[in-house]
Each structure stands twice: as structure tokens, then as C-alpha cells.
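1. Any chance you could fold what I've pasted below:
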Amino acid sequence: MNTTSPPLPPALASLRQQADAWWRSRARRERQALGAVAAVLVAFAVWSLLVQPALRSVRAAPDQLDRLEAQMQQVQRVAAESTLLRAVAPVAATQAGIALKSAADRLGERGRLTLQGDRATLTLTGVSPEALRAFLLEARNGARARPVEAQLQRGPQGYSGTLSVALSGAAP
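-> Numbering: from 1, shown residues only. Down below sits the predicted model:
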């Protein structure tokens with residue numbers, strides 16, 4: 001078996017000969033010191049490129065798993081709520097309209113409701129987040145309505161814009 005390496009290009013062969021000559025011209029202690037420096041540099045490179053990123057990932061994994069677990073539980077709660085809402089009997093269109101009007105009346109002059117077939121559009125002017133949440137809960141529970149489109153801006157006095165809901169049995 002031939003153990004000789006393929007010949008190097010002349011420029012590289014010359015550089016290698018110069019490097020070998022330079023290395024041999026160093027004292028033994030100097031070569032050992034240079035070897036130790038090279039070993040430290042290699043160890044630092046291995047630590048920086050391989051070990052440290054892996055350790056960082058291992059340390060961050062428990063917190064990340066906890067966050068993902070919390071997100072999964074939230075998704076499961078929403079899925080269970082969605083299943084319960086699907087099982088609830090639909091409300092007649094007239095009853096749904098009455099329930100939506102009642103919910104909109106609680107907003108006072110800050111909310112104006114317009115019914116159009118199987119959709120209702122609520123125009124908001126400076127409604128607080130709590131009042132908007134209460135309207136949405138009442139619309140969902142009382143009228144079996146679900147939001148299908150929202151164009152809201154939050155200002156210093158609350159939310160302004162439009163919110164469209166579909167009445168029960170209506171396709172989004």
C-alpha cells in the first residue's frame with residue numbers, strides 16, 4: 001500500500017518547507033509552549049462551537065417545555081370550550097337579534113348595532129376593553145353569535161371601529 005501523499009502545488013510545497021524549517025529552528029521549550037497555546041485555542045473553539053450552545057439548549061429546555069405545556073393546556077381549554085359551544089342548540093334569528101340588541105344597549109351611545117340577515121355589525125366609539133369583552137360574551141352566550149370580522153383601533157378612551165358577528169347557523 002502506498003502511503004505517500006499526492007504532491008502539493010509548488011507554492012504550497014514551498015510554504016510547507018518554510019514552515020517545517022521555522023518549526024525545527026525553535027527550541028524544544030518554545031515548541032512545547034506553541035503546542036500548549038494551539039491546544040488551548042482548539043479547546044476554546046470546541047467549547048465555543050460545540051459544547052456551549054448545547055449546554056445553553058439543555059438549560060433553556062425546562063423553561064421552554066413549561067411554556068409549551070401552558071400553551072397546550074390553553075389550546076385544550078379552547079378546544080373543549082369550542083366543543084361545548086358546538087353542542088349548544090342554536091337560537092332562532094329573532095331571539096338572537098333581541099339578545100344582540102340587548103347586549104348592544106348595555107354599551108349605550110358608544111355602540112350602535114345594525115342587523116343584516118344572518119350578520120350583525122356593531123360600530124364602536126371609545127368602548128372599554130371590559131365592556132367589549134362583556135358584549136362578546138353576551139353575544140356568544142345569548143345570541144350564539146361569533147365574531148367573523150373586526151376592524152378595531154385602540155385609543156385613549158377605548159376601542160373604536162366595527163365588529164361583525166355571524167348569528168348561529170350562519171357560515172363565516
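2. could you pull out the strands for the protein?
-> 111-116, 119-127, 146-155, 158-166 (DSSP state E).
3. Quick check: which ranges of the chain have low pLDDT?
-> For the chain, residues meeting the criterion pLDDT under 70 lie at 1-3, 168-172.
4. Tell me how it divides into domains.
-> 11-85, 93-166 (automatic domain parsing).
5. how about TSV for the strands of the chain, with mean neighbour count and distance to Asp66 added?
-> From N, CA and C alone the C-beta is placed, and that goes for glycine too. Output for the strands of the chain, formatted as TSV (neighbours: other CB atoms under 10 Å; distance: least, CB to CB, whole Å):
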stretch	mean neighbour count	distance to Asp66
strand 111-116	15	40
strand 119-127	19	35
strand 146-155	12	30
strand 158-166	18	33
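6. Distance to Gln18 for the ones you listed - can I get that in a markdown table?
-> Output for the strands of the chain, formatted as a markdown table (distance: least, CB to CB, whole Å):
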| stretch | distance to Gln18 |
| --- | --- |
| strand 111-116 | 85 |
| strand 119-127 | 80 |
| strand 146-155 | 71 |
| strand 158-166 | 76 |
